[in-house]
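Asker: Requesting a structural model of the entry that follows:
(chains A and B)
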Amino acid sequence: MDTATLTEEVAAKTIPIYIMGKRYEVPETLTIMKAMEHSGYQYIRGCGCRGGICGACATVYRKAGDYKIYTGLACQTVVEPEMYLTQIPFYPANRASYDFESAKPTAETIYELYPELFRCVACNSCTKVCPMDVEVLDYISALKRGDITAAAEISFDCIQCGLCASRCMGEMAQYHMAQVARRIQGGKIAPKAEHLEKMCGDIDAGTFTDVLEAAKVMTEDELKKVYTEREMEPHMGADEWAPASNHGLA
Amino acid sequence: MKLGYYPGCTLKTKAANLEKAAMASLDHLGVEYKELSRWNCCGAVFSLTDDDLIHQVAPVRNLIRAAQEGCDTVVTICSQCYNTLARANKLVRDDEEKRDTLNRFMDEEPDYNGEVEVVHYLSLLRDQVGWEKLREAVTNPLDGLKVAPFYGCTLVRPEEVAIDAVDQEILEGFIAALGADPAAFSAARECCGSYQMIAHPEEGMNRAAKVIGAANRSEADALILSCPMCEYNLGTRQGDVVAAHDGLSQVPTYYFTQLLGVALGLDPELCRLDLNGPAAQELFVDKNFIAAATV
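Answerer: Numbers count the residues shown, from 1 in each chain, chains lettered A, B, ... in the order given. A predicted model of the protein is given here:
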């Protein structure tokens, strides 16, 4: 059934929203992104995963009679009546390039790449505007006192939408600094997962090549058979349970 | 009193030798405190501009964090942090209009009206522990060590936040409690050269030379400091200062907290004398305050 022919009883109630200042009536159940499409906008940029993870659809809005700035991801945030919104799909933010291999795991690495870090006055606008509720000021503060690990942990949920950079009175690109911190933390500070390294070595050494090559030439039925007949851990298996064969995993 | 500890950025990076012995000493002396779990830069320098309230946001936010953690008093060790936090606190208490503006601006935080007291570590030692009790806790008295006490600017200026009046001599009382001798040191409350060491090196060096020269004339064995910037100008850069000025000789520098830790008999490794350079370690070995193997 076409939307236009829906009866009033089954169609969602519509509410007024303002996209870049122009009023539209949209069904109240839509996300901002769907409401914009409903209103005739077609996404070329500013729309990525539609799943709240890619950071492409950061949206800034205000509500009638309220001085606060609100933010959200257009793909995740449901419209509200009298919402005044615009998307900020891209905000200029310079990213410093560096050689990861030779970068020292110290805060000085970040200070050299982003000396503007010290322009922070702790105004907290970054934290207030973050659609992911990351405590941006806290990770910037951690970086200023050289705590890369804390900065990496606090910034973990960052999706790099850039709204922090759009509001920063120190004109910083906080999220790029946090990314350097997470890379250094992951690559140079956190303990190495030795079993992972060994497994990657085993893969490179061809341990699983035969099994994989055999699977690639199986028919669908053969694959199903192998899959359903595979040995599985019993639901109530004892702690010491181990498969009869590890197919080269041992 | 519920005491919070505000560390400040430099103590977590370059000035571990200011922090470690200080906190271990508080534990040793039975002073209970809680290190703040959330804090930002203190603001580094108190802004003197009348209409520049944004620079008060950083220190005031730290005081809000302290209040949120249930503290009624915040202790800090770095002179600069102390000065910035204490002056911001005074501004909040004294200026209703500015306090209101700050509270409105930080609308995501609870209102702050100056409920938290800001104290410097030396004041805490004097007023909560007391020189007498400190003297009794000393197991490794610094006998025969003549110490030049350097206050610099920010512990004692301006008067409203000074940790003591000129005639009270808090650092001298501290030195005496550790069993050492305070030197009669004419440059105790001079400027170390401050940021001029970088911005205008010649003027900065001249300032630092004045302090080193006075320490030499006082015949002090050691110069003690409470501020990482003073340490940079008078300690890290001392070789350059002495080389550029006739008649100066080197004098080992320490943070006052390192003397405290050594005098209380704490593990010398905690005092991080390794960060002070060899002369500071050698003097303490010569005086039998620490064993040669510990440094």
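
Asker: Just the pLDDT at residue 30, thanks.
Answerer: Because you didn't say which chain, this covers chain A. Confidence at residue A:30, expressed as pLDDT, is 97.

Asker: meant chain B, my bad for not saying
Answerer: Value for residue B:30, per-residue pLDDT: 97.

Asker: Equivalent analysis for residue A:1, please.
Answerer: 45.

Asker: and what of residue B:164?
Answerer: Residue-level pLDDT assigned to residue B:164 equals 88.

Asker: Would you agree it is in contact with residue B:170?
Answerer: Yes: Residue B:164 lies in contact with residue B:170 (Cβ atoms under 8 Å); the separation is 4.2 Å. (Glycine included, C-beta is placed from N, CA and C.)

Asker: Flag the shaky bits of chain A, pLDDT-wise.
Answerer: A:1-10, A:246-250 (pLDDT under 70).

Asker: Which parts of it are strands?
Answerer: Using DSSP state E, the strands of chain A run over residues A:14-19, A:22-27, A:58-63, A:70-73, A:83-87.

Asker: Using CSV, write down the CA coordinates of the second one.
Answerer: Output in CSV follows, covering the C-alpha atoms of strand A:22-27 (Å, rounded to 0.1, in the frame of the first residue of the first chain):
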residue,chain,number,x,y,z
LYS,A,22,12.2,25.7,6.8
ARG,A,23,9.2,24.0,8.3
TYR,A,24,8.2,20.5,7.4
GLU,A,25,5.5,18.2,8.7
VAL,A,26,7.0,14.7,9.3
PRO,A,27,5.7,11.5,10.9
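
Asker: That one: which residues count as buried?
Answerer: Within strand A:22-27, the residues scored as buried using 16 or more other Cβ atoms under 10 Å in any protein chain shown are A:24, A:26.

Asker: Neighbouring strands - and their directions - for that strand?
Answerer: Within its sheet, and counting by DSSP bridges, strand A:22-27 is paired with strand A:14-19 (antiparallel).

Asker: Now do the strand it pairs with: everything it contacts.
Answerer: A:23-28, A:35-36, A:39, A:41, A:79-86 (Cβ atoms under 8 Å, 6 or more residues apart in numbering or on different chains).

Asker: was I right about residue B:274 contacting residue B:280?
Answerer: No: at 9.3 Å, residue B:274 does not count as touching residue B:280 under the criterion of Cβ under 8 Å.

Asker: neighbour-wise, which of those two wins?
Answerer: residue B:280 (22 against 14; other Cβ atoms under 10 Å in any protein chain shown).

Asker: helix, strand or coil for that one?
Answerer: Assigned with DSSP: H, G, I helix; E, B strand; the rest coil, residue B:280 falls in the helix class.

Asker: Show me what from the stretch 51-200 of chain B comes close to chain A.
Answerer: B:54, B:55, B:57, B:58, B:61, B:105, B:106, B:108 (Cβ under 8 Å from any Cβ of the partner chain).

Asker: Out of the strands of chain A, which gets nearest to residue B:132?
Answerer: Of all those, strand A:70-73 sits nearest to residue B:132, with 57.8 Å by Cβ to Cβ.

Asker: Go ahead and produce PDB holding the CA coordinates of the closest one.
Answerer: These are the backbone C-alpha positions of strand A:70-73, laid out as PDB (Å, rounded to 0.1, in the frame of the first residue of the first chain):
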ATOM      1  CA  TYR A  70      21.500  19.700  21.400                       C
ATOM      2  CA  THR A  71      23.200  17.200  19.200                       C
ATOM      3  CA  GLY A  72      22.600  13.700  18.000                       C
ATOM      4  CA  LEU A  73      23.300  11.400  15.100                       C
END
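
Asker: Tell me the strands beside it, with direction?
Answerer: Strand partners for strand A:70-73, identified by DSSP bridges, are recorded as strand A:58-63 (antiparallel).

Asker: neighbours around residue B:100, how many?
Answerer: 12.

Asker: Which strand or helix spans it?
Answerer: helix B:96-105 (DSSP states H and E).

Asker: Between residue B:164 and residue B:170, point out the one with more neighbours.
Answerer: Neighbour count, other Cβ under 10 Å: between residue B:164 and residue B:170, residue B:170 has more, with 22 against 18.

Asker: Do I have it right that residue B:5 meets residue B:75?
Answerer: Yes: between residue B:5 and residue B:75 there is a contact under Cβ under 8 Å: 5.6 Å.

Asker: intersection of neighbour lists for these two?
Answerer: What both residue B:5 and residue B:75 touch, as defined by Cβ under 8 Å, 6+ apart, is the set residue B:33.

Asker: show me what contacts residue A:107?
Answerer: A:143, A:145, A:146, A:147, A:148, B:13.

Asker: Now distance to residue B:96 and neighbour count too, for those, in JSON lines please.
Answerer: Formatted as JSON lines, those follow (distance: Cβ to Cβ, whole Å; neighbours: other Cβ atoms under 10 Å in any protein chain shown):
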{"residue": "A:143", "distance to residue B:96": "35", "neighbour count": "28"}
{"residue": "A:145", "distance to residue B:96": "33", "neighbour count": "19"}
{"residue": "A:146", "distance to residue B:96": "38", "neighbour count": "18"}
{"residue": "A:147", "distance to residue B:96": "37", "neighbour count": "19"}
{"residue": "A:148", "distance to residue B:96": "41", "neighbour count": "23"}
{"residue": "B:13", "distance to residue B:96": "37", "neighbour count": "16"}
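
Asker: For my notes, please list those in TSV and give distance to residue B:227 for each entry.
Answerer: Compiled in TSV, these are given as follows (distance: Cβ to Cβ, whole Å):
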residue	distance to residue B:227
A:143	23
A:145	17
A:146	18
A:147	22
A:148	26
B:13	15
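
Asker: Out of these, which is nearest to residue A:123?
Answerer: Distances from residue A:123 to the contacts of residue A:107, taken by Cβ to Cβ, are shortest for residue A:143, at 16.1 Å.

Asker: now that closest one: how far from residue A:129?
Answerer: Using Cβ to Cβ, to the nearest Å, we find residue A:143 at a distance of 19 Å from residue A:129.

Asker: Kindly report the same for residue B:173.
Answerer: For residue B:173, the distance to residue A:129 - Cβ to Cβ - is 50 Å.

Asker: Excluding sequence neighbours, find me the nearest residue to residue A:57.
Answerer: residue A:74 (3.9 Å; Cβ to Cβ, 6 or more residues apart in numbering or on different chains).

Asker: Can you pull out the residues in contact with stretch A:49-61?
Answerer: So stretch A:49-61 is in contact with A:32-33, A:45-48, A:69-77, A:83-89, A:129, A:131, A:159-163, going by Cβ under 8 Å, 6+ apart.

Asker: are any of those buried, and which?
Answerer: A:32-33, A:46-48, A:70-77, A:83-85, A:87-89, A:129, A:131, A:159-163.

Asker: any weak-confidence spans in the stretch 151-295 of chain B?
Answerer: B:293-295.

Asker: Quick one: residues contacting residue B:224.
Answerer: Residue B:224 neighbours (Cβ under 8 Å, 6+ apart): B:147, B:148, B:149, B:150, B:171, B:175, B:253, B:254, B:255, B:256, B:259.
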